[in-house]
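Peer 1: here is a sequence with its predicted model. Questions after.
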Amino acid sequence: MPTQVLPRSAPPSAAALDGLHTHIDALERKTGVRTIAVAIHDTETGANFRRHADRWLHAASTIKVAILLGVYAAIHRGWLLPHSRVHVRNRFASAVDGHPFRVGADRDADSEVHRSIGKMMRVSDLAVHMITTSSNLATNLLLDLVGLETVQRALDELYIDGIDVRRGVEDERAFEAGINNRVTADGLVQLLRLVAEERAFTPELSREMVAILHAQEFRSGIPARLPSAVRVANKTGDISTVAHDAGVVYPPNRKPYVVAILTEWAPAASGRSATIADISHAIYGLLTSQGGNHG
Amino acid sequence: MGEGHRFPLRIVDGLRLERSLREALMPGRVLHDDGGHPHTLPRYFYEVPSWEHAMNIQLSPNFALWEFIQTDVREAAPLRGFPRFVPCSITILALCLERFRDAVGTFVHISANGGYRSPRHAVNTGTTTHSWATAVNVYRIGDVQLDDREAIERYAAMARQTLPGVWTRPFGPSRGQTDDQLHLDFGYVVSVPHDAPADTLGFDAERRAS
């Protein structure tokens, strides 16, 4: 079958990009959200969009994408194999003073890893749980295994700024001491762009990371209002005051675009996922000239 | 015991193993504990040809060899595959654990990294008797997860009643304590079975190898 060569899409006009800003402004007024930070890179047209994209926010679970990168850095260096086995032990040292803490099973979306306590799981399986169901226990096990330095060095070597990995998750003592993982929308887009363009270590390892992100089970943000034919490889992040989603969006017959939508809220605010989904829908319309309505 | 009932694993002299294995197992090497006391690591090991062997060899009625050699990626690289080597005291450990199992009357689950692990295992802190194959970490007994003071201290007391001389790590979060498993420890015991290979290397060779 001959390969169909599709015409490259034109980048969105300045007016269209202004329209997206206006749309987000209106959402801010309507929802009461404290901050909406957005970064987009379109690999089809090279277009970029930035709104508060360099603003540092609490990473919540989006930091797990950076930890995934660190795990694959360790695999790339030959320190680990995807099928290497790891003791599942729910005991970690606080980044503040080394005091031990545990990940509460009741605060973890994924119970499967907790059921394996005392036994072993493969690195690749832990990575899947960390991303697709945001397992906090899997995250801390992997970070404990590869170390903060490996993750940060991987980010540095790939010239990714805007991601600051300082500790594992559920480390309450660190949280109280103000030691938190932070991201910017730009930082997440830089990372995901490298993965999407198969430039993170090797094409094969990049594809493996994308495959894990594609298996994401939390779909109420970026993918929620996109056409069903659109594939999204994403990672969400939610705590009481932030709701984020970052991912690679693959529209049919077109190269993907990379997007990070980070939002900051009052603790009791509602409509967080819906706001992200609304912005994602508008971005899709902007870049594909389908279904977007910035009015 | 007649010839037909010989233990199915070959005993090897660790000093005669290839260099990478010697560096990982440190046979006959002297380690000093936190108090500065010297302890000599095991020199003789059972050679475990495959995981299948480990699964099929019962060390006692309720404990198979595999339960004592589950180590993760933090184990020294030469010891992650097969053949694997485990100190000969593993048989004594299994018998002690069998007696404990009789006392508790239900399944005793040894954690990953909680049986034998080499002196090069990355989770080791200080001189651990896990490298003598004389200690186990138990994370579950029957349906009870040993992750709180009540459960750990209850079963530690049962172990001390059942197993004269056993040391149980006290409950707590600090180094030397435990808060998510029961640590049963029989000390720095070295076993040299009768059919261990004769010492033909001599003292000087032994020193050179270490």
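Peer 2: Noted; the coordinates are in hand. Predicted model, so just to flag it, every value in this text is computed and none were measured.
Peer 1: can you list the low-confidence ranges for the stretch 151-295 of chain A?
Peer 2: Within the stretch 151-295 of chain A, the stretches with pLDDT under 70 are A:290-295.
Peer 1: list the contacts of the nearest residue to residue B:169 once chain neighbours are set aside.
Peer 2: Computed as C-beta to C-beta, 6 or more residues apart in numbering or on different chains, the closest residue to residue B:169 that is not its neighbour in sequence is residue B:183, at 3.7 Å. Where C-beta positions appear, they are placed from N, C-alpha and C, glycine not excepted. Residues near residue B:183 by C-beta atoms under 8 Å, 6 or more residues apart in numbering or on different chains: B:135, B:136, B:137, B:138, B:168, B:169.
Peer 1: can you classify residue B:183 by secondary structure?
Peer 2: strand (DSSP: H, G, I helix; E, B strand; the rest coil).
Peer 1: need the helices for chain B, in chain order.
Peer 2: B:19-25, B:51-56, B:90-104, B:149-162, B:202-209 (DSSP state H).
Peer 1: and the fourth one, what does it pack against?
Peer 2: Using 3 or more C-beta pairs under 8 Å, 6 or more residues apart in numbering or on different chains; DSSP states H and E as the contact criterion, the elements in contact with helix B:149-162 are helix B:90-104, strand B:135-141, strand B:144-145, strand B:167-168, strand B:182-185.
Peer 1: tell me the angle it makes with strand B:135-141.
Peer 2: 130 degrees (axes from the mean of the first three to the mean of the last three C-alpha atoms, to 10 degrees).
Peer 1: what about helix B:149-162, average pLDDT?
Peer 2: Averaged over helix B:149-162, pLDDT sits at 98.
Peer 1: now the angle between helix B:90-104 and that helix, please.
Peer 2: 110 degrees.
Peer 1: now do the same contact list for whichever residue of the stretch 101-250 of chain A sits closest to chain B.
Peer 2: As assessed by C-beta to the nearest C-beta, chain B sits closest to residue A:118 within the stretch 101-250 of chain A, at 3.6 Å. By C-beta under 8 Å, 6+ apart, residue A:118 lies in contact with A:88, A:89, B:109, B:111, B:112, B:114, B:139, B:140, B:181.
Peer 1: how about those residues in CSV, adding pLDDT, distance to residue B:128 and neighbour count?
Peer 2: What follows is those, written out as CSV (pLDDT from 0 to 100; distance: C-beta to C-beta, whole Å; neighbours: other C-beta atoms under 10 Å in any protein chain shown):
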residue, pLDDT, distance to residue B:128, neighbour count
A:88, 98, 20, 22
A:89, 98, 16, 26
B:109, 98, 20, 19
B:111, 98, 14, 25
B:112, 98, 15, 22
B:114, 98, 11, 25
B:139, 98, 17, 23
B:140, 98, 21, 21
B:181, 97, 14, 24
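Peer 1: closest one of these to residue A:130?
Peer 2: Closest approach to residue A:130 among the contacts of residue A:118 (C-beta to C-beta): residue A:88, at 12.7 Å.
Peer 1: that closest one against residue A:137, yeah?
Peer 2: Yes - taking contacts as C-beta atoms under 8 Å, residue A:88 lies within contact range of residue A:137: 7.4 Å.
Peer 1: number of nearby residues for residue A:287?
Peer 2: Neighbours of residue A:287 under the rule other C-beta atoms under 10 Å in any protein chain shown: 26.
Peer 1: any idea which helix or strand carries it?
Peer 2: Assigned by DSSP states H and E, residue A:287 belongs to helix A:272-288.
Peer 1: show me what that helix is packed up against.
Peer 2: Partner elements for helix A:272-288 (3+ C-beta pairs under 8 Å, 6+ apart): helix A:14-31, strand A:35-42, strand A:242-250, strand A:257-264.
Peer 1: and with 10 Å instead?
Peer 2: helix A:14-31, strand A:35-42, strand A:48-51, strand A:231-239, strand A:242-250, strand A:257-264 (3 or more C-beta pairs under 10 Å, 6 or more residues apart in numbering or on different chains; DSSP states H and E).
Peer 1: that helix vs strand A:231-239, what angle?
Peer 2: Using the same axes, to 10 degrees: helix A:272-288 against strand A:231-239 is 150 degrees.
Peer 1: alpha carbons of helix A:272-288, in CSV - could you do that?
Peer 2: Taking C-alpha atoms only, helix A:272-288 is exported to CSV below (Å, rounded to 0.1, in the frame of the first residue of the first chain):
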residue,chain,number,x,y,z
ARG,A,272,-10.9,21.1,38.2
SER,A,273,-10.8,18.3,35.7
ALA,A,274,-13.6,19.9,33.6
THR,A,275,-11.5,23.1,33.3
ILE,A,276,-8.5,21.1,32.1
ALA,A,277,-10.7,19.2,29.6
ASP,A,278,-12.2,22.5,28.4
ILE,A,279,-8.7,24.0,27.7
SER,A,280,-7.6,20.8,26.1
HIS,A,281,-10.6,20.8,23.8
ALA,A,282,-9.9,24.4,22.8
ILE,A,283,-6.2,23.6,22.1
TYR,A,284,-7.3,20.7,19.9
GLY,A,285,-9.6,22.9,18.0
LEU,A,286,-6.8,25.5,17.6
LEU,A,287,-4.3,23.1,16.2
THR,A,288,-6.5,20.9,14.1
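Peer 1: before we move on, back to that, make JSON lines out of the helices of chain B and add mean neighbour count.
Peer 2: Shown next, in JSON lines, are the helices of chain B (neighbours: other C-beta atoms under 10 Å in any protein chain shown):
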{"stretch": "helix B:19-25", "mean neighbour count": "17"}
{"stretch": "helix B:51-56", "mean neighbour count": "14"}
{"stretch": "helix B:90-104", "mean neighbour count": "19"}
{"stretch": "helix B:149-162", "mean neighbour count": "16"}
{"stretch": "helix B:202-209", "mean neighbour count": "12"}
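Peer 1: ranking the ones you listed by mean pLDDT, which is last?
Peer 2: When I compare those, helix B:202-209 is least confident, with a mean of 51.
Peer 1: contact residues of chain B facing chain A?
Peer 2: Residues of chain B found near chain A (C-beta under 10 Å from any C-beta of the partner chain) are B:70-75, B:77, B:80, B:109-114, B:122-123, B:137-140, B:145-147, B:172-175, B:177-181.
Peer 1: which non-adjacent residue is nearest residue 85?
Peer 2: By default, I'm working from chain A. Nearest to residue A:85 is residue A:120, by C-beta to C-beta, 6+ apart, at 4.1 Å.
Peer 1: correction: the question concerned chain B.
Peer 2: Per C-beta to C-beta, 6+ apart, closest to residue B:85 is residue B:45, 3.9 Å.
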